[in-house]
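Novice: here are the coordinates; sequence isn't available:
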């Protein structure tokens, strides 16, 4: 990834933060976008001069425009977009309010649309100078492939991300934009969002015992453990790199084997 410039949403911590770290190790420079300003600035400071933090509420087009301008102003171009920011609601259909649904859509769907749309001109320009094209990686989920027993509304948004990825890949290919678009599908991962999933599972079991829920998840995983941010970040870096030059419109599943059952 030498010489590549990436913008990663939701990168103050977790999978996004680990992706930023691995991209820097691979030779890229990175703009870290998030709404967690203090945590995001600290992540950028830890990573050094090759990282930049910018406040980014993915549901606001003004924030995206500012983030793109900051990346271009600091690094001169934009080769990679990682639409990583996401929310998990953890409520049944009957329990969720319209306001909660709209917020979920604002981040998980509108955020991916706006990121793709507003980064497109810079990605397209950079692609003309790259033999392997620019790249977009959208964070979907195994819940975008199979139904989620814990959060049908989350599953609905991630299913949308999955098909948007395929359609965007085809549109950009048709238009000759030289931009690859692929999706990443993590299983249950040891992050703050992963803890929310476990809390929801524990509540649905009627115990509120998060450790019992964790054990139940691990027992169902053929690989015998939950995933880590590093497991997923390695896959994102691959999809964004020139090693994935022949991949577009595809989904990479890293889930410990849960969807194989």
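Specialist: It's in. On a predicted model such as this, the values are computed, not experimentally measured, just so you know. Residues are numbered from 1 along each chain as shown.
Novice: any chance you could map the helices in this protein?
Specialist: Counting by DSSP state H, the chain has these helices, from start to end: 14-25, 37-47, 61-75, 98-105, 111-127, 152-174, 192-205, 210-220, 229-240.
Novice: Name the residues that touch the shortest one?
Specialist: In other words, helix 98-105. The contact list for helix 98-105 (C-beta atoms under 8 Å, 6 or more residues apart in numbering) reads 87, 89, 91, 153, 154, 157. C-beta here means a position set from N, CA and C on the backbone, and glycine is covered the same way.
Novice: which of the helices of the chain has the lowest average pLDDT?
Specialist: Lowest mean pLDDT within the helices of the chain: helix 192-205, a mean of 69.
Novice: so what's the residue nearest to residue 82 when sequence neighbours are not counted bridging to?
Specialist: In this structure, residue 82 finds its nearest non-sequential neighbour in residue 8, 4.2 Å apart by C-beta to C-beta, 6 or more residues apart in numbering. Residues in a beta bridge with residue 8, per DSSP bridges, are residue 32, residue 82.
Novice: any idea how far residue 63 is from residue 37?
Specialist: As judged by C-beta to C-beta, to the nearest Å, residue 37 and residue 63 stand 12 Å apart.
Novice: swap that for residue 179, sorry
Specialist: With distances taken as C-beta to C-beta, residue 179 is found 22 Å from residue 63.
Novice: ok, now which ones touch the residue nearest the centre of the chain?
Specialist: In the chain, the centroid-proximal residue (C-alpha atoms, centre = their mean) is residue 84; its distance is 2.2 Å. Counting by C-beta under 8 Å, 6+ apart, residue 84 touches 8, 9, 10, 11, 15, 16, 19, 139, 236.
Novice: about what we covered before: the helices of the chain: which one's closest to residue 134?
Specialist: Of all the helices of the chain, it is helix 111-127 that lies closest to residue 134, at 4.0 Å by C-beta to C-beta.
Novice: returning to that earlier point: neighbour-wise, give me the winner out of the contacts of helix 98-105.
Specialist: residue 157 (28 neighbours; other C-beta atoms under 10 Å).
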